[in-house]
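Output the structure for:
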Amino acid sequence: MPSSRKSKKNSMWNIEGIIFVIIALYILFSVFSYSRRQSLRFYEVGEGSLVREKQYTGLIIREEKSYSAKESGYVHFSVADGRRVSKGGELYFIDETGNLEKYLQEHPELLGEFTQQQIEDIRLRLQDFAGSFQNNQFTGLYTLQGSLQNTLLFNTEEGENTVQKALSQLGISYTVMDAEEAGIVSYTIDGYEDFQKEKLTAEILQNAQSSVNYAQNGVRVEAGNPLYKIITSSQWEILFPLEEGDAKKMENTTTVNIHFPVNSMDLQGSFSLYRGDDGKIYGDIKLDDYLDYFLDSRFVTFSMQEKEESGLKIPVSSVVNKDFYIVPKEFLRQGPDKSSGFYRQKADGSREFLSTDIYMTDDQYCYLKIETNPSPQDIQSGNVLVKESGNASFVVGPRKALEGVYDINRGYAIFHPIQVIEKNDDYLIVDSHSKNGISVYDHIVLQGNMVTDGQIIY
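Got it, this is the predicted structure:
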């Protein structure tokens with residue numbers, strides 16, 4: 001008797017143990033499956049727009065003229081780089097003997113402290129350089145170095161009077177040189193100062209390099225060598241290449257918006273087309289403002305906003321390609337019940353009408369859904385479609401992929417074709433009026449390749 005109770009107890013324990021193991025395994029499997037499963041996310045369709053932009057490298061031209069040193073000697077500038085000077089205004093000093101240079105090195109206290117305006121100017125130059133510096137372009141670094149080294153000979157009027165008095169007593173002389181034109185002074189000279197835009201060629205822009213000479217304070221110069229330039233107008237131009245197709249699209253364009261990525265600046269300018277020395281078409285953008293931001297630049301990279309398109313905005317990740325049977329539109333007919341469909345040729349040579357759900361049509365084809373498990377009334381690969389009369393026939397089989405997205409509004413994935421108007425790396429603008437397309441507020445799968453047509457979405 002005791003042995004029987006013990007046997008029954010062991011039997012119950014074995015059943016409970018088995019159930020416990022099954023439940024534990026199920027839980028472990030569920031947790032493992034959940035951890036492996038990618039999270040299905042959706043995107044709510046909304047209206048939006050994209051601006052089509054294209055990047056160019058252009059050549060800057062200005063109304064400018066370079067001037068050479070009239071005498072040999074050590075040069076010191078009275079006007080800071082990028083500042084305006086009047087015609088006949090004092091611009092620089094030439095110390096032919098080097099005595100002035102030697103005396104100033106021995107008595108730096110005579111030059112006085114920097115003014116607050118000069119300190120602010122240096123700070124702004126450093127800020128502009130930090131925002132625009134690129135690792136592969138070192139010319140700007142040398143230009144900045146030369147610009148900062150071009151501290152004026154006299155920081156203040158008081159300092160100028162003190163030094164002139166001391167030099168007069170010592171018998172040290174120097175020659176004062178005046179500006180030959182009124183305008184903005186720049187000590188960056190690259191050889192393009194007299195460049196005529198009609199001489200532009202693709203080779204010049206492909207090289208996109210210029211040999212820069214930057215005059216510096218305290219350095220000896222030889223008579224006849226380029227020393228400075230004067231920019232006489234605030235207007236400037238950017239010349240850049242255009243492909244024939246792009247030029248044709250812009251024949252009637254008179255105004256463009258451009259963006260400079262280096263300093264995140266947006267400007268608007270007047271636009272025109274012309275032919276360069278090599279016979280190719282170039283764009284010409286004329287600008288009236290912010291010349292001082294590009295004084296040290298000759299070649300500049302910018303993007304141009306060509307067109308803004310509006311429609312339904314969706315992420316690129318949602319887009320998938322889905323295959324459909326394609327049937328020439330000439331075989332599409334209307335049946336006895338006024339429905340659309342096709343005549344299929346039977347094995348005995350007779351013809352039967354199949355009412356067919358046409359997914360969409362274009363100028364050439366009807367697009368038919370490819371059924372995974374087709375019924376006898378579904379059009380399938382290998383079917384021969386014919387017209388009501390005559391011998392013309394078409395064998396079903398050719399396929400074509402349509403771009404589209406999956407919406408999950410009804411709890412399962414439904415494919416909708418899209419007609420792309422514009423796109424970039426992240427988003428597309430699609431037509432809101434395409435047949436079987438999507439609408440505002442539809443929920444579409446964010447990662448379109450994670451589902452299949454008809455899949456139930458939990």
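
residues near the nearest residue to residue 327 once chain neighbours are set aside, how many?
Closest residue in space to residue 327, ignoring its immediate chain neighbours: residue 366 at 4.8 Å, by CB to CB, 6 or more residues apart in numbering. All C-beta atoms are positioned from the backbone trio N, CA, C, and that covers glycine. Using other CB atoms under 10 Å, residue 366 has 22 other residues around it.

Does residue 366 belong to a helix, a strand or coil?
Residue 366 falls in the strand class when you classify it by DSSP: H, G, I helix; E, B strand; the rest coil.

repeat for the one 4 residues further on
When the structure is reduced to helix, strand and coil (three-state DSSP), residue 370 reads as coil.

List the residues that contact it.
323, 324, 325, 399 (CB atoms under 8 Å, 6 or more residues apart in numbering).

at 10 Å what do you get?
Contacts here follow CB atoms under 10 Å, 6 or more residues apart in numbering; on that basis residue 370 touches 322, 323, 324, 325, 359, 378, 379, 380, 381, 399, 453.

Roughly how far does it sit from residue 455?
The gap separating residue 370 from residue 455 is 16 Å, by CB to CB, to the nearest Å.

tell me the domain boundaries of the protein?
Dividing the chain into domains by automatic domain parsing, as the record does, gives the ranges 54-96+115-150+174-309, 319-450.

Need the distance between the two termini of the shortest one.
To tie it back to what came earlier, the one meant is domain 319-450. The straight-line separation of the ends of domain 319-450 (CA to CA, to the nearest Å) is 11 Å.

what distance separates it from the centre of its chain?
Distance of domain 319-450 from its chain centroid, counting by CA atoms, centre = their mean, to the nearest Å, is 36 Å.

avg pLDDT for that domain?
Predicted confidence along domain 319-450 averages 91 (mean pLDDT).

can you pull the buried residues of the helix or strand hosting residue 283?
Secondary structure from DSSP states H and E places residue 283 in strand 281-287. For strand 281-287, the neighbour count (16 or more other CB atoms under 10 Å) marks 281, 282, 283, 284, 285, 287 as buried.

So in that sheet, which strands flank it, and in what orientation?
Here the strand partners of strand 281-287, with direction, are listed using DSSP bridges: strand 226-241 (antiparallel), strand 265-275 (antiparallel).

wait, which of the buried residues of strand 281-287 is closest to residue 184?
Ranked by distance to residue 184 (CB to CB), the buried residues of strand 281-287 are led by residue 287 at 14.9 Å.

Once you drop chain neighbours, what's closest to that closest one?
residue 269 (4.4 Å).

picking that back up, between the contacts of residue 370, which sits nearest residue 430?
The shortest distance between residue 430 and any of these, using CB to CB, involves residue 322 and amounts to 15.3 Å.

so that closest one sits right up against residue 452, yeah?
Yes: between residue 322 and residue 452 there is a contact at 9.4 Å, judged by CB atoms under 10 Å.

picking up where we left off before, now the contacts of residue 370 in CSV, please, with extra columns for distance to residue 187.
Shown next, in CSV, are these (distance: CB to CB, whole Å):
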residue, distance to residue 187
322, 64
323, 66
324, 67
325, 72
359, 69
378, 80
379, 79
380, 80
381, 77
399, 68
453, 69
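
Narrow those residues to just the buried residues.
The neighbour-count test (16+ other CB under 10 Å) applied to these identifies 322, 324, 325, 359, 379 as buried.

Next, the last one: secondary structure please.
Looking back up the chat, that one is residue 379. With three-state DSSP as the basis, the three-state label of residue 379 is coil.

Same check on the first one?
Three-state assignment for residue 322 (three-state DSSP): strand.

for the closest residue to it other than its chain neighbours, which residues make a bridge with it?
Spatial nearest neighbour of residue 322, excluding adjacent residues (CB to CB, 6+ apart): residue 415 at 5.3 Å. Residue 415 has these beta-bridge partners by DSSP bridges: residue 406.
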